[in-house]
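> What shape does this take:
(chains A and B)
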Amino acid sequence: MTQKNYKIDDLLPSEGPIVEWDQDQWWLDGKTRIKEKNKFLQSKKGKLTILALVFLFVMLLLMLVLQRKPGTTNKEEDINKEAVQEANLTPLQSQIVKLRSQLEKADPAIKETPLPVVEMNIFIEVDKL
Amino acid sequence: MKKIFFVLILFLLMIAQIRLTSVIKAQESRGSEITLENLSQSDQIIYRERLEAEIEDQHAQLLSQLNTYQNDERNFRVAHDQYTRLQTLNSIEGVVNSAKSLIKSRNTALYSYLNLLRLKIVEAEGIEMFHKERVIERILSVQFQIDEHSSKVDSVVSREEINELAEEFSSISELITETSYYALSVLSVGKLQAVYDQSVVINQRIIEEEGDTALIESTTRARSLAEIEKLISDLPPLFQDIWSEINLAEERTQGYGYLYRGLSRKLNTIYSKLSRLTAYFEEVENVK
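Sure, this is the predicted structure:
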């Protein structure tokens, strides 16, 4: 592509300021400015770094998910244990406290989940019609 | 650039796959051999917590499935009513379709219920291994039969076929009832047995501590310990009686349903004795 140096006189023949306009230089300056702005992100090194960071993040997340173990929440037993510790009981005394709570759960009046009452004989009378 | 990206993604997927496979394999191998006895204490706690969570999950699932069953039952009743009153081809179609849905949702709920019982049996303490294994084996066998029955429902198109399925299910329903009552019986006895086993351990510790401190010389204390000992020795025959009844229920015609209904009185006797025993322990060891 060929570029031409224009003079304002060519366009405005009589009056007005004369501006020297180097189109090639202007074009190059602009391009350089834009390049400089995104230099790191657009470079191979930048892209690789971002990719490596994303990769590390995913790996870390994966490891955390796979190695997760239950038991981090406070359950009734833990709360009981804490209560026992707070009350400064001896190991034997705390064992008796646990026995009492175990006994309460074993009360025969508390029935295990009974067999659901469902229709075992689903039948359609054919002679009706 | 794209190549590097794909290589990285592939590498990532490979690592994830290897890791997941190893975790699943480890869980499977553990699942097949797991008994609470061969686990370390911390593993036992983790295993128990997992089981408890699984039981809660299964329970919630069962409740939602029973809800679906109730809706299907209501629809079936309406369709059946229309079928008997209107006697149209449309009503036949309606009653067959609603019966199919009902059979499916009933089977799903019963399957889940048995699963819940199985998990509870696995988690329970105080049940003999023989009974544990036998109940679990039965539950799995009944679940297999329910599964098979459910798979036939889709191919059913007529009322006669629905009735055939109903006939087929009558034998399975008996098995479900018997297996459930068997499981419920051993679960309720097992709970009390576990409390008794724990009481024996506590009594042993009290005696050991008495030996160390020579407190046994106190007459009142000696009398208290003798009472505890007496109560402890009263309980094994009661347990033996119940366990032998459970063993015999297999041969009796009334089966486990009859056994379960009759268990309450005996279990109450054991419970009150265990309650008194625990109160004695609390008194002796000054637990408020």
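
> What's the separation between the nearest residue to B:Arg252 once chain neighbours are set aside and chain A?
Excluding the flanking residues, the one nearest B:Arg252 by C-beta to C-beta, 6 or more residues apart in numbering or on different chains is B:Tyr258, at 7.3 Å. For glycine as for every other residue, the C-beta is placed from the backbone atoms N, C-alpha and C. Separation of B:Tyr258 from chain A (C-beta to the nearest C-beta, to the nearest Å): 14 Å.

> neighbours of B:Tyr258, just the number please.
As a burial measure, B:Tyr258 scores 13 neighbours (other C-beta atoms under 10 Å in any protein chain shown).

> How about the one 4 residues further on?
B:Gly262 has 14 neighbours, counted by other C-beta under 10 Å.

> and if you look at B:Tyr280?
B:Tyr280: 20 neighbours (other C-beta under 10 Å).

> check which helix or strand covers it.
helix B:255-284 (DSSP states H and E).

> next one: that helix to chain centre, how far?
20 Å (C-alpha atoms, centre = their mean, to the nearest Å).

> who are the neighbours of it, in terms of helices and strands?
helix A:91-105, helix B:159-213, helix B:219-249 (3 or more C-beta pairs under 8 Å, 6 or more residues apart in numbering or on different chains; DSSP states H and E).

> Among those, which comes closest to B:Gln143?
The closest of the helices and strands packed on helix B:255-284 to B:Gln143 is helix B:159-213. By C-beta to C-beta, the value is 9.5 Å.

> is stretch B:65-84 up against chain A anywhere?
Yes. Using C-beta under 8 Å from any C-beta of the partner chain, stretch B:65-84 reaches chain A at B:66, B:69, B:73, B:76, B:80, B:83-84.

> just to revisit the earlier point, if I take the helix holding B:Tyr280 and helix B:159-213, what angle do their directions form?
With axes from the mean of the first three to the mean of the last three C-alpha atoms, to 10 degrees defining the directions, helix B:255-284 sits at 20 degrees from helix B:159-213.

> State the mean pLDDT of the longest helix anywhere in chain A.
Of all segments of type helix in chain A, defined using DSSP state H, the longest is helix A:44-66. Averaged across helix A:44-66, the pLDDT comes to 88.

> Show me what from the stretch 101-250 of chain B comes close to chain A.
B:102-103, B:106, B:109-110, B:113, B:116-117, B:120, B:159-160, B:162-163, B:165-166, B:169-170, B:173, B:176-177, B:180-181, B:184, B:187-188, B:191-192, B:194-195, B:198-199, B:201-202, B:205-206, B:209.

> what do you get if the cut-off is 6 Å, keeping everything else the same?
Residues of the stretch 101-250 of chain B lying close to chain A by C-beta under 6 Å from any C-beta of the partner chain are B:102-103, B:106, B:109, B:113, B:159, B:162-163, B:166, B:173, B:180, B:184, B:187, B:191-192, B:195, B:198, B:202, B:205.

> Filter the residues you listed down to the buried ones, ChimeraX style.
Filtering these down to the buried ones (16 or more other C-beta atoms under 10 Å in any protein chain shown) takes a single ChimeraX command:
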select /B:102,103,106,109,113,159,162,163,166,173,180,184,187,191,192,195,198,202
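
> Which parts of the stretch 1-150 of chain B are helices?
Counting by DSSP state H, counting those that start in this stretch, the stretch 1-150 of chain B has these helices, from start to end: B:2-33, B:41-86, B:89-123, B:129-153.

> For A:Pro91, which of those helices is the nearest?
Comparing those by C-beta to C-beta, helix B:41-86 comes nearest, at 14.7 Å.

> ok, residues contacting stretch A:101-114?
With contact meaning C-beta atoms under 6 Å, 6 or more residues apart in numbering or on different chains, stretch A:101-114 is reached by B:184, B:187, B:191-192, B:195, B:264, B:267-268, B:271, B:274, B:278.

> picking up where we left off before, mind pulling up the pLDDT for the residue nearest to B:Arg252?
Reading off the model, B:Tyr258 has pLDDT 85.

> same check, this time on the one 3 residues further on
Residue-level confidence at B:Arg261 comes out at 86, pLDDT.

> From B:Gln240, how far out is it?
21 Å (C-beta to C-beta, to the nearest Å).

> Tell me where the model's unsure across the chain.
Answering for chain A, as no chain was given. By pLDDT under 70, the low-scoring segments of chain A are A:1-20, A:32-39, A:69-87, A:128-129.

> wait, chain B
In chain B, residues with pLDDT under 70: B:1-41, B:212-217.

> Just give the number of residues close to B:Arg77.
13.

> That one and B:Ser170, how far apart?
21 Å.

> Point out the residues in chain A that sit beside chain B.
With C-beta under 6 Å from any C-beta as the criterion, chain A comes near chain B at residues A:55, A:62, A:66, A:70-71, A:92-93, A:95-96, A:99-100, A:102-103, A:106, A:108, A:112, A:115-116, A:118, A:120-124, A:126, A:128-129.
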